[in-house]
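J.: Give me coordinates for this.
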Amino acid sequence: MADGAGSLERARALLAAFAERDGSAGRVVAAVASDRGLGYRDAVDLQKFPETYLPALALLLDLDLLRPGAGRRVLHLGANHGVFCRFLQDDPGVSLALALDLSRRALRLGCSWGLRAAVQADAVAMAACRSGWADVVLAESLLVPGYWPAADLARCLDACARVLRPGGILIIQEWGFDPARVFAPELTDAGLREVRRVTTAALT
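T.: Residues are numbered from 1 along each chain as shown. This next block holds a predicted model:
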């Protein structure tokens, strides 16, 4: 397993290099400015940049999940325009990086920017995803207080457990919630267990 600090710095460098090549920030700003029908929440949700995913990428590296030739299949829930999937889809350790989001507008933007795999679907049930296919599921904003009803959270975790292969990894990346909150009961109910909790600053 890689060194945690080393993984963090490597992730930071990789994402910065991708952001420069990809021009993500300018693309998002231009999309928000040009779309007159975009509501406030949709505009906020579009603010997904490569560096947003520093914690998730550092953990993937630290767990050695992106070894060249590993053929990992990654599902990103709440991916919006899928910038992290666009980063992952060219990684030599990833065979599929699938962006899932309810926003058709966001996914269409992502596909116009080079996203190769996207599905418009509800992250609560994930009916569009077959069982046991994913090595890694990245979920955003599941545990932010008040974001989802408790029943929906439970259904989503059940769906994550269904979609993951045996021994697969669920990464929950959160913004602005109490890091001391214990959510082991919800994971246990879904047949999952918390292995590691990491506190890392990232662009939000």
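J.: doesn't residue 112 make contact with residue 31?
T.: No - taking contacts as CB atoms under 8 Å, residue 31 lies outside contact range of residue 112: 9.5 Å. From N, CA and C alone the C-beta is placed, and that goes for glycine too.
J.: Those two: who's more crowded?
T.: A count of neighbours by other CB atoms under 10 Å puts residue 31 above the other of residue 31 and residue 112, at 18 against 11.
J.: ok, which stretches of this structure are helices?
T.: If DSSP state H is used as the criterion, the helices of the chain fall at 4-22, 24-34, 40-45, 54-62, 83-88, 104-112, 150-163, 184-189.
J.: so can I have TSV of these showing mean pLDDT?
T.: Converted to TSV, these look like this (pLDDT from 0 to 100):
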stretch	mean pLDDT
helix 4-22	93
helix 24-34	90
helix 40-45	84
helix 54-62	94
helix 83-88	98
helix 104-112	95
helix 150-163	90
helix 184-189	83
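J.: closest to residue 174 out of the ones you listed?
T.: Among those, helix 54-62 comes nearest to residue 174, with 9.2 Å by CB to CB.
J.: Okay, angle between the closest one and helix 4-22 too, please.
T.: 120 degrees (axes from the mean of the first three to the mean of the last three CA atoms, to 10 degrees).
J.: Output helix 54-62 as PDB, nothing but the C-alphas.
T.: Extracted C-alpha coordinates of helix 54-62, given in PDB (Å, rounded to 0.1, in the frame of the first residue of the first chain):
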ATOM      1  CA  LEU A  54      -8.500  15.000  -4.600                       C
ATOM      2  CA  PRO A  55      -9.600  13.000  -1.500                       C
ATOM      3  CA  ALA A  56     -11.200  10.200  -3.700                       C
ATOM      4  CA  LEU A  57      -8.200   9.900  -6.000                       C
ATOM      5  CA  ALA A  58      -5.700  10.000  -3.100                       C
ATOM      6  CA  LEU A  59      -7.600   7.100  -1.500                       C
ATOM      7  CA  LEU A  60      -7.700   5.100  -4.800                       C
ATOM      8  CA  LEU A  61      -3.900   5.500  -5.100                       C
ATOM      9  CA  ASP A  62      -3.300   4.700  -1.500                       C
END
